[in-house]
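Trainee: Okay, predicted coordinates and the sequence, questions at the end:
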Amino acid sequence: MKIIVLAGGEGKRMWPIQTDKCLIPFLGKPLLYHNLQKIKLHLEGENILRNKAHLPGELGSFIIVTNPQSKEAVAKVAQDLGLNFQIAVQNEPKGMADALLSAKDLIEGEVLIVNAEDVLNPKVFQGVLGIQADVVLAGLKMDKYFPGGYLKVTGDRVQGIVEKPGEGREPSDLVKLVVDYFKDGKKLVEYLEKVSDPERSRRDDVYEVALDQMIKDGLDVRFSKYEGTWIPLKYPWHILDVTAYFLSKIDVDYFLEDSKIEQKISPGAKVSEKATIEGKVVIEDGAKVFEGAVIKGPCYIGKNCIVGNNSMVRESNLEDGCVTGFNSDITRSYIGPDSWFHTNYIGDSVLEGDFGMGSGAVLANLRLDNKDVTVGEEHLETGRNKLGLIAGKGVRIGVNASTMPGVRVGSNSLIGPGVVLRKDLKENKKITFKEESFEIQDYKATQISYDQFRDKLES
Amino acid sequence: MKIIVLAGGEGKRMWPIQTDKCLIPFLGKPLLYHNLQKIKLHLEGENILRNKAHLPGELGSFIIVTNPQSKEAVAKVAQDLGLNFQIAVQNEPKGMADALLSAKDLIEGEVLIVNAEDVLNPKVFQGVLGIQADVVLAGLKMDKYFPGGYLKVTGDRVQGIVEKPGEGREPSDLVKLVVDYFKDGKKLVEYLEKVSDPERSRRDDVYEVALDQMIKDGLDVRFSKYEGTWIPLKYPWHILDVTAYFLSKIDVDYFLEDSKIEQKISPGAKVSEKATIEGKVVIEDGAKVFEGAVIKGPCYIGKNCIVGNNSMVRESNLEDGCVTGFNSDITRSYIGPDSWFHTNYIGDSVLEGDFGMGSGAVLANLRLDNKDVTVGEEHLETGRNKLGLIAGKGVRIGVNASTMPGVRVGSNSLIGPGVVLRKDLKENKKITFKEESFEIQDYKATQISYDQFRDKLES
Amino acid sequence: MKIIVLAGGEGKRMWPIQTDKCLIPFLGKPLLYHNLQKIKLHLEGENILRNKAHLPGELGSFIIVTNPQSKEAVAKVAQDLGLNFQIAVQNEPKGMADALLSAKDLIEGEVLIVNAEDVLNPKVFQGVLGIQADVVLAGLKMDKYFPGGYLKVTGDRVQGIVEKPGEGREPSDLVKLVVDYFKDGKKLVEYLEKVSDPERSRRDDVYEVALDQMIKDGLDVRFSKYEGTWIPLKYPWHILDVTAYFLSKIDVDYFLEDSKIEQKISPGAKVSEKATIEGKVVIEDGAKVFEGAVIKGPCYIGKNCIVGNNSMVRESNLEDGCVTGFNSDITRSYIGPDSWFHTNYIGDSVLEGDFGMGSGAVLANLRLDNKDVTVGEEHLETGRNKLGLIAGKGVRIGVNASTMPGVRVGSNSLIGPGVVLRKDLKENKKITFKEESFEIQDYKATQISYDQFRDKLES
């Protein structure tokens, strides 16, 4: 069986985050690494435990479809995992069918198609691969309406897919994931080519049309109902959900799900005796934690990070090379590599990396009118009561500046000292106070004796 | 004897504090509770020790005159203390005489009239009740001029009351308090009714006119000189004086004045071993004090308060449900219930309650020109070198905002992020930066290697 | 031999620092004290060890040339050191020749001329005094071009002095210091008088012209090559270099250069057990260090200083009577006497003294564009990647204000709360927000239950 991994699709809605979704690092490894490892471990386990027919050949014959710019990073991940893999490059982001057709020369026999960035429980593979049919689709059981593609089913058969039916008009409670098994990969390619006329290829539902055609033609299309974890990564604030997921798994060994590895502090890390480390915390090699610092798990502190004096880090993921500086408070946030802080509050924020923040700057995360945070001029609903800043790479924030909840800042932009940023800021921009905001006047200082002053200070 | 407690008079000068003065809580109980408890304990003690004639009937037959909106809260206080009491409602705030007439059907026999909000030493009651006469008034010995009503006396007799005579023209050094004993309460009512014609009832000196008439009519009006504590509560900054008084009394048992209860930490409170608690400190049930926090007494930390990591609280009163957050510095302040902070400085401030403050916001308490703090456009003198913010209920302050010494903010108003508030702000207003204060320009980020940067950060 | 110390010359380039360079205190003593002590110890050592001919008379016959306003302070320093000294007053700052002529009546026999503010290794004296000639000049070996006076030499003779020859046109690698020996002081005076016509005395190179004339006249003018420490003090940011020098010498005993006095905490200082003191640290009498404070050496904490709770001081010099307040971060800075802070960041800054800073104010020290810091409208190059504020005496900075890297503020000026200071500010000025920067609007607060809010705060 070939496992086709769709990696590096377009992520316009992820703005200002530019890293391909599947390459965003969590706990020191790209998301793709975690997801491929999960499949690998699952397949290895299956092989060992069951010697299943679905895995006749060698383990892990992966086809990874990616874009030109991510090709090398993606290949590196697969190599690091010791996978048997091939890379197919999709030159332009023209949807799922086009991605699959980019890999058509590699496709043969049984195929399992998965999204590179979907965080799922391995039992979804167990479910799909446990059913004998021409096509098996995973359907996620939903408790409330979600704007995705719903499976229309009869008994154990799929009758069709209904895109965004609207609340109350769902044909079932199953939303189609991308964990799709095809007994005959070649036939899938044929169907995709058949429905891909030049006009249609502009459309993004070619894959769904092909599936519909298969059903109409009488192929045996079934579904596997899945009730486990699924964390969508569509908007940048979803990175916080993915962060929370991985942090919650810090202590979980894959094969021994109930084992508890409470804390994992590298012998190469240096933690002051006057620091406090509580809960599930990983501290990697070369990291330093200074006096008075507090780390309340679950937390991941990457390689060579510095958690400075009196800083507090809670429920956050700090990738390699981050420096909290003196006295920062980092809470429920995703901090990309090589970011630095100094006496700051960072709450519920997503900072892609190479981020710098002057002393006293604050990323506000709670609206004072108590409303849920919305994003952008279109007021995208985030469903979050707390959401801080979302910043691309290379952003700098001046001393004593403030950003309002849910604001987005494009890469390499600068928010000047003292500025209050209330709206999104594009990339390569700076916002500062106008000179005219201030006025200079003559001033006569009042002199008091130092003793008087000292009294004031000490009292 | 009936003790008539005047509770819930008008408090225009207390703006923006809306709570009736006598219902403002200190050390977890309304001021009225403390003051009534003091009278109760005094009378109980007198009964036990002396079996005095002044207390023929049962202990504590109280008549509490209040306004419609405070009626229930006032009754609750009296119930909690187990008093024998009746409530009289004064429908409009029309002065002391009108308050007493609101209770006229309840008045009979001996009466002692006291103000609900006056903080006094119980020996004032001992003094007044120790003199046999038709009327006994308490006179507070003043060392310097105070703009109140002065007693004009001859021997042990009162000859009249002179309102605000002006400095150097005081008829004695005794300012009339409201601790007034009348042998015949009915007669007092008669006098009040006699001098209350419709025109005069608009005036606020009807009570004083009635007293003058009694003197003219030859009643035996005497005074008791009092030299103990009296803390006026006229302006909101006086709440700081009352706070300091109650904090200073944390360790004093009423009956055993010299007993020292240095610290009283509820077994239901959770105090980190890494926190520092010094001096007279009360920490109530359900409160939590985190690592690195410092509490320097005298301090009161109410129920379910959270003193967050590295926060410092000094000489302050925090009512129930307050949260200091990470790294706040609260000094010599009154903090009403359910207020929350996050990396803030709160110095010499009065916050009525339900107050919220974003990270980095500061309540300045010291003028940089070293002058004493004045309040409002009328430059009210406070006599205070340090005075911070005075805020009504429900005020919110944005991240990195600043308020200037002695500024007042009305309830439910919002001070936007980064704003510097230099003047009073009415209720239900918000102040923010104008959009035009900032400008956006193109910006080209300078790239340097991370190693260079790391060097800078670590050095 | 007479040692002529030139103290109190003009320091226009030191603006806004007003203290005479040689009177600026380091480690609790004026720079002049350190430098005179060094000469004194050197001469004492020479006397003891070698009984050299250069010191025929009594030790330390010093002539200190100073200006009228510094006369008393300078004399005090010499008295404190127990020197045998005379003071000459130069009434106007008219250059080195004029300074020497101000002392002409005191000059006789051998003279050694030194600058009061030059930080040098004592071996420079050893070098100059070890050569027998009419005149001996110290030449500092330079590795790269420096805009000073270069020695033109042949063999061991000086042929002339070339002022600022320009890079690549240096006549040697030796820059002339002011450590000049003259066998006959009277002759030096004659030469100076000869070349000082009224017109020329306006010029600042009279001394160099006199030297040239001596060479032309065939006097034996030699040089001593010096390769040790020399720290120029021309611009105020050089105070940071001098600070770093003295801090690095904290543990060095003059006579036993390798002795290590790691920490010297006065028995009269009070250091909390919960504070952290690391590295070379001096804490003087009467100082207090509170819980959670961290001092990372090398640091000097002067008399009666207070290092408040959770404050951090690194590689800094705090003169007497400074107060860090709660939670400040002072790094690589020079802090003059009687300065106070409160939750501030002070990085790479020079504060002359009597400086005050409200809570949350920040002295930025790093340009977000990563460029080296330049100073003033003329963009003076400092060669520093990190440089904070340079402030004269009596400056006040409001809460949450920010100053940009390398900005200078004249004495007794005020930077208002929240202000971002981007340019130099003259003395006796204040800068504040214009009232029009803010706007006030009606506001309706959203009510939520406290339980909801509490949930938000705790999560």
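Mentor: Looks like it arrived, so ask away.

Trainee: Can you pull out the residues in contact with stretch A:430-439?
Mentor: Where contact means CB atoms under 8 Å, 6 or more residues apart in numbering or on different chains, the residues beyond stretch A:430-439 that reach it are A:413-419, A:421, A:425, B:436-443, C:419-420, C:431-434, C:437. All C-beta spots, glycine's among them, are computed from the backbone N, C-alpha and C.

Trainee: What residues does A:Gly292 make contact with?
Mentor: A:Ser272, A:Lys274, A:Ala275, A:Asn309, A:Asn310, B:Gly292, B:Asn310, C:Gly292, C:Val294, C:Asn310.

Trainee: Oh, that last question was meant for A:Glu319, not what I typed.
Mentor: Contacts of A:Glu319 (CB under 8 Å, 6+ apart): A:Pro25, A:Gly28, A:Gly302, A:Ile335, A:Gly336, A:Pro337, A:Asp338, A:Ser339, A:Gly353.

Trainee: what about the helices in chain A?
Mentor: A:31-50, A:71-80, A:96-102, A:123-129, A:185-195, A:206-216, A:238-248, A:450-458 (DSSP state H).

Trainee: Distance of the residue most central in space within chain A relative to chain B?
Mentor: Most central in chain A under CA atoms, centre = their mean is A:Ile239, positioned 3.8 Å from the mean C-alpha point. With distances taken as CB to the nearest CB, to the nearest Å, A:Ile239 is found 22 Å from chain B.

Trainee: and what of A:Ile306?
Mentor: On the measure of CB to the nearest CB, A:Ile306 and chain B end up 7 Å apart.

Trainee: So what pairs up with that residue in the strands?
Mentor: Listed by DSSP bridges, the beta-bridge partners for A:Ile306 are A:Lys288, A:Val323.

Trainee: So what's the residue count around A:Glu92?
Mentor: By other CB atoms under 10 Å in any protein chain shown, the residues close to A:Glu92 number 10.

Trainee: residue contacts, it?
Mentor: Taking CB under 8 Å, 6+ apart, one finds A:Asp98 in contact with A:Glu92.

Trainee: Likewise for the one 4 residues further on?
Mentor: The neighbourhood of A:Met96, defined by CB under 8 Å, 6+ apart, consists of A:Leu6, A:Gly9, A:Val178, A:Asp204, A:Val206, A:Tyr207.

Trainee: Same list (those residues) but as TSV, adding neighbour count and pLDDT.
Mentor: Below are these laid out as TSV (neighbours: other CB atoms under 10 Å in any protein chain shown; pLDDT from 0 to 100):
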residue	neighbour count	pLDDT
A:Leu6	24	96
A:Gly9	20	74
A:Val178	18	96
A:Asp204	14	70
A:Val206	24	89
A:Tyr207	23	93
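
Trainee: Distance to chain B added to the residues you listed, as a markdown table?
Mentor: Output for the contacts of A:Met96, formatted as a markdown table (distance: CB to the nearest CB, whole Å):
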| residue | distance to chain B |
| --- | --- |
| A:Leu6 | 32 |
| A:Gly9 | 28 |
| A:Val178 | 36 |
| A:Asp204 | 34 |
| A:Val206 | 40 |
| A:Tyr207 | 40 |
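
Trainee: which one of these sits closest to C:Lys186?
Mentor: A:Gly9 (91.8 Å; CB to CB).

Trainee: distance of the closest residue to that closest one other than its chain neighbours from chain C?
Mentor: Spatial nearest neighbour of A:Gly9, chain neighbours left out: A:Pro93 (5.9 Å); criterion: CB to CB, 6 or more residues apart in numbering or on different chains. Counting by CB to the nearest CB, the gap from A:Pro93 to chain C is 34 Å.

Trainee: Mind pulling up the pLDDT for A:Pro93?
Mentor: For A:Pro93, the pLDDT comes out at 88.

Trainee: Kindly report the same for A:Lys52.
Mentor: Taking A:Lys52 on its own, its pLDDT is 52.

Trainee: dump the residue contacts of A:Glu315.
Mentor: A:Ala244, A:Leu247, A:Lys296, A:Gly297, A:Pro298, A:Cys299, A:Thr331, A:Arg332.

Trainee: Could you measure from it over to A:Ser333?
Mentor: In this view, A:Glu315 and A:Ser333 are 8 Å apart by CB to CB, to the nearest Å.

Trainee: Burial check on the residue of the stretch 101-250 of chain A found nearest chain C, number of neighbours?
Mentor: When scored by CB to the nearest CB, the stretch 101-250 of chain A has A:Ala244 as its residue closest to chain C, at 11.7 Å. A:Ala244: 17 surrounding residues under other CB under 10 Å.

Trainee: Just the pLDDT for it.
Mentor: 96.

Trainee: do the same with A:Val195
Mentor: 86.

Trainee: and the gap between the residue nearest to A:Gly9 and chain B?
Mentor: 27 Å.

Trainee: Could you do A:Lys141 as well?
Mentor: For A:Lys141, the distance to chain B - CB to the nearest CB - is 39 Å.

Trainee: for that residue, what are its contacts?
Mentor: Contacts of A:Lys141 by CB under 8 Å, 6+ apart are A:Asp173, A:Leu174, A:Lys225, A:Tyr226, A:Glu227.
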